[in-house]
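Q: pasting the sequence and the predicted coordinates here, then a few questions.
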Amino acid sequence: MKISVVTVVYNGENSIERTINSVLNQEEADIEYIVVDGASTDSTMDIVQKYKRDISHIVSEPDRGIYDAMNKGLKLANGDIVTFLNSDDWYEINVLKFIADAFENRDIDILCANARMIGEYGSWIRKAELNRKNIIRQLPTSHQAIFATRRWFEKIGGFNTKYIVSADYEWVTRSIRGGCRIEMLPVLVVNFLLGGMSSKFAEINREEIRNIAMQYYTGTSLEKGMKRYYLFEDLLHKSRKEGNGFWDEFKAVLPANKNIFIFGAGKGGMNSYRLLEKLEYDVSGFIDNHVRNDQAKIEGKAIQLPKVLKAGRDFIVISSSRYKEDIKKQLLEQGFREKYDFCTYDDIKDKIIYGE
């Protein structure tokens, strides 16, 4: 099966060559490569032109945003499978043949694979997953790791350009509600460099996704959980109480007779602290495995090593999503019991949103 890979770029001279090479160096795969440039003013097109013999279609003209450019590429695509690779990102070695074979052996419309997320402080693997908890708030994986048949695009349509940063989420949601056959593939296929449009326009992204979810999932079995989730989001982002029942239920989650510590001194720790503070919990301090000399306190609360914790006396909220399993193991080895002596920030959210 032929795969059409579309790369949209604007002023990407620092990264476009790596992206191009990651496509052109794929072995055995039948690839149609399409580059859509938004009339770059740097040397992007000079770099692209170096590879013009191996690129099927090159477009360079002004556009009305990234999704307009992606739709341009979609119209040019002739492959059986279509996917989009950002100009900052790159494929793992020889994965496109594997993807093509996966479609050959499955009767599906969309395939979602794993992506490596690369940020300022390291990298981690985002696993493709689709369940009632994430379907209302995010893509099953990063959009660079989503592959769809051209036939499905022809049936469901392209990207809705009224959305600035979330048209990919709208497209996947529209596809799911439209009855697509979608599967998750636990294979790493792409490297995604954080800091793109959705990161730069985080508030717009959040509001767009919320509006899309409300549009497609109101009146379904997901409506109650969805509304509770976004009520929770309002609490975090707008610092506003919306319903006493919700507030009281949340306050009852943590024990009232133990010292409460937050494990993690990063962004997640601050989010946990602000929320617990609003709920009038007295946070005793922060716990971290790496305490820097220049960061002894946060909000006046000491950052300490795990050895200060005592099972039976203290309750720990694990704020880190990335390291939560390692932290759980560490606490269990210190004699703490899950749920009785510690929980994760996500556990709290799930308890409130889904009642479990």
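A: Cool, got the structure.
Q: note down every partner strand of the longest strand belonging to the chain and its orientation.
A: Looking across the chain with DSSP state E, the single longest strand is strand 182-193. Looking at strand 182-193 with DSSP bridges, its partner strands are strand 90-91 (antiparallel), strand 110-119 (parallel).
Q: export the longest one to PDB, keeping only CA atoms.
A: Listed in PDB are the C-alpha atoms of strand 110-119, where the atom choice follows Å, rounded to 0.1, in the frame of the first residue of the first chain:
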ATOM      1  CA  ILE A 110      -7.500   4.800  11.200                       C
ATOM      2  CA  LEU A 111      -4.400   3.500  12.900                       C
ATOM      3  CA  CYS A 112      -2.900   5.200  16.000                       C
ATOM      4  CA  ALA A 113       0.700   4.400  17.100                       C
ATOM      5  CA  ASN A 114       3.100   5.500  19.800                       C
ATOM      6  CA  ALA A 115       5.100   8.800  19.700                       C
ATOM      7  CA  ARG A 116       8.200   9.900  21.600                       C
ATOM      8  CA  MET A 117       7.600  13.400  23.100                       C
ATOM      9  CA  ILE A 118      10.700  15.400  23.400                       C
ATOM     10  CA  GLY A 119      10.800  18.500  25.600                       C
END
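Q: partners of the helix or strand just after that strand in the sheet?
A: Once strand 110-119 ends, the next helix or strand along the chain (criterion: DSSP states H and E) is strand 122-126. Strand 122-126 has its sheet partners listed here by DSSP bridges as strand 110-119 (antiparallel).
Q: not counting the partner strand itself, show me its contacts.
A: Strand 110-119 is contacted from outside by 95, 99, 102-103, 123-128, 130, 140-142, 144-149, 152, 172, 175, 180-195, using C-beta atoms under 8 Å, 6 or more residues apart in numbering. (Glycine included, C-beta is placed from N, CA and C.)
Q: output the host helix or strand of Met45 in PDB with nothing but the alpha carbons.
A: Applying DSSP H and E as the criterion places Met45 in helix 44-49. C-alpha atoms of helix 44-49 as PDB (Å, rounded to 0.1, in the frame of the first residue of the first chain):
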ATOM      1  CA  THR A  44      13.400  26.500   4.000                       C
ATOM      2  CA  MET A  45      12.600  26.300   0.300                       C
ATOM      3  CA  ASP A  46      16.300  26.200  -0.700                       C
ATOM      4  CA  ILE A  47      16.600  23.100   1.500                       C
ATOM      5  CA  VAL A  48      13.400  21.500   0.100                       C
ATOM      6  CA  GLN A  49      14.500  22.100  -3.500                       C
END
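Q: now the strands for the stretch 201-350 of the chain?
A: Under the criterion DSSP state E, counting those that start in this stretch, strands of the stretch 201-350 of the chain are mapped to 259-263, 283-287, 297-298, 301-304, 314-318, 342-344.
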